[in-house]
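Asks: Show me how the following folds:
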Amino acid sequence: MAYIKFENIVKNYGRNVVLKNINLEIEKGQLVTLLGPSGCGKSTLLRCLAGLEEVTEGKIFLDGRDITNVNPRERDMGMVFQQYSLFPNMTVLENVEFGMKLKKTDKKEMKERAEDMLGIVGLKDKMYSYPANLSGGQQQRAALARAIVTEPKVLLLDEPLSAIDALLRKSLQAEIRRIQKKLNITAIFVTHDQEEAMVMSDEIHLLYEGKIEQSAKPVELYQNPATSFAASFIGNYNLLTKEQFHNITGSRKDCEQVAIRPEMILFADHDTDMGEEAYEMTGIVENRVPHGSILRYTINVKGQNLNVDVLFQGKEMYETGKECKIIIRKSDCIFL
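Replies: Coordinates of the predicted model:
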């Protein structure tokens, strides 16, 4: 039985339908991500689980118990938001102890647990500091410690890293994942960042316009997008209409669109021949732009631009305006 279950969830704000018949199951001990663009309903779904929003229709179950109408305080969930929400007049230790005080935990036990948790998040040397004296990353780790020290059944993270600079963000992604695994916490992470979702998740639920577009493990979602939206939102697929695909390959397919990953398109010598296994075509290099260790080419084939990604290894690079031959294996084309 699923640990968390959303059953036919609908959420309306007046005439605006934000969640449209959501059905979703989450296993205990998983870190799953609700991924999607702004306005897709991911934060609303999280708030419905926390009890901060009432559902219009449907039911929510936690560990077999119907919690749809249960008071938020009785749902036993920890939350971490984009805003750190630490009490400025309390030390880090006092902030972490706060939730246990509300539960009337013994003072000695409360201090020991708070100190242990600050050790886990790497802030034991900051326990007597005030939030104003912490960096953004340290404040978010303190907020995380406060959320999980009470041992909640579920940890809810609503875009907790979106206000943090890129370098620190990557470090905190790894830190949150490490702590989640160490403590075997069931966690739901909300983000609009595809890369973050790929790094963090056991499973990703991609939302679009109030519906679940696709649910899959990160690699599966990247390699096998089920819809045009999934392909356009995850990674940097070349998305072609069936007419565009026919124009460059000569092949007609019974589909709406064809998705091709840039790294799966290969440059080839003019005498390379892969026979029936691939589509071969000649194009002109329109542009080339480095993206870290990747060099991205834009190749024009019969008026259609294709992005081609190759490792930036100091090899001979194709100059802008130069003719080139590219190969697309038939097995690398995803028909949508």
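Asks: Would you confirm that residue 294 contacts residue 307?
Replies: No - with contact defined as Cβ atoms under 8 Å, residue 294 and residue 307 do not form a contacting pair (10.5 Å). The way it works is simple: take the backbone N, C-alpha and C, and place the C-beta from them, glycine included.
Asks: the more surrounded of those two?
Replies: When neighbours are counted by other Cβ atoms under 10 Å, residue 307 comes out ahead of the other of residue 294 and residue 307, with 18 against 14.
Asks: Dig out what the residue lying closest to residue 42 once chain neighbours are set aside forms beta bridges with.
Replies: What sits nearest to residue 42 in space, not counting adjacent residues and going by Cβ to Cβ, 6 or more residues apart in numbering, is residue 34, at 4.0 Å. Taking DSSP bridges as the rule, residue 34 bridges to residue 190, residue 205.
Asks: What's the local residue count around residue 34?
Replies: Neighbours of residue 34 (other Cβ under 10 Å): 28.
Asks: what separates it from residue 192, distance-wise?
Replies: 10 Å (Cβ to Cβ, to the nearest Å).
Asks: intersection of neighbour lists for these two?
Replies: residue 42 (Cβ atoms under 8 Å, 6 or more residues apart in numbering).
Asks: Contacts only, for the residue nearest to residue 42.
Replies: 42, 45-46, 188-191, 205, 207.
Asks: Looks like residue 77 contacts residue 49 (just checking).
Replies: Yes - using Cβ under 8 Å, residue 77 and residue 49 qualify as a contacting pair, with a distance of 7.3 Å.
Asks: higher neighbour count, the two?
Replies: Higher neighbour count among residue 77 and residue 49: residue 49, with 26 against 23, using other Cβ under 10 Å.
Asks: Name whatever forms a beta bridge with the residue lying closest to residue 224 once chain neighbours are set aside.
Replies: Leaving aside its chain neighbours, residue 224 sits nearest to residue 334 (6.9 Å; criterion: Cβ to Cβ, 6+ apart). Note on residue 334: beta-bridge partners by DSSP bridges are residue 259.
Asks: Now do the contacts for residue 334.
Replies: Neighbour list for residue 334: 224-225, 231, 237, 258-260 [criterion: Cβ under 8 Å, 6+ apart].
Asks: What subset of those is buried?
Replies: Buried members of the contacts of residue 334, counted by 16 or more other Cβ atoms under 10 Å: 225, 231, 237, 258-260.
Asks: A helix includes residue 37, no?
Replies: No - the assignment for residue 37, made by DSSP: H, G, I helix; E, B strand; the rest coil, is coil rather than a helix.
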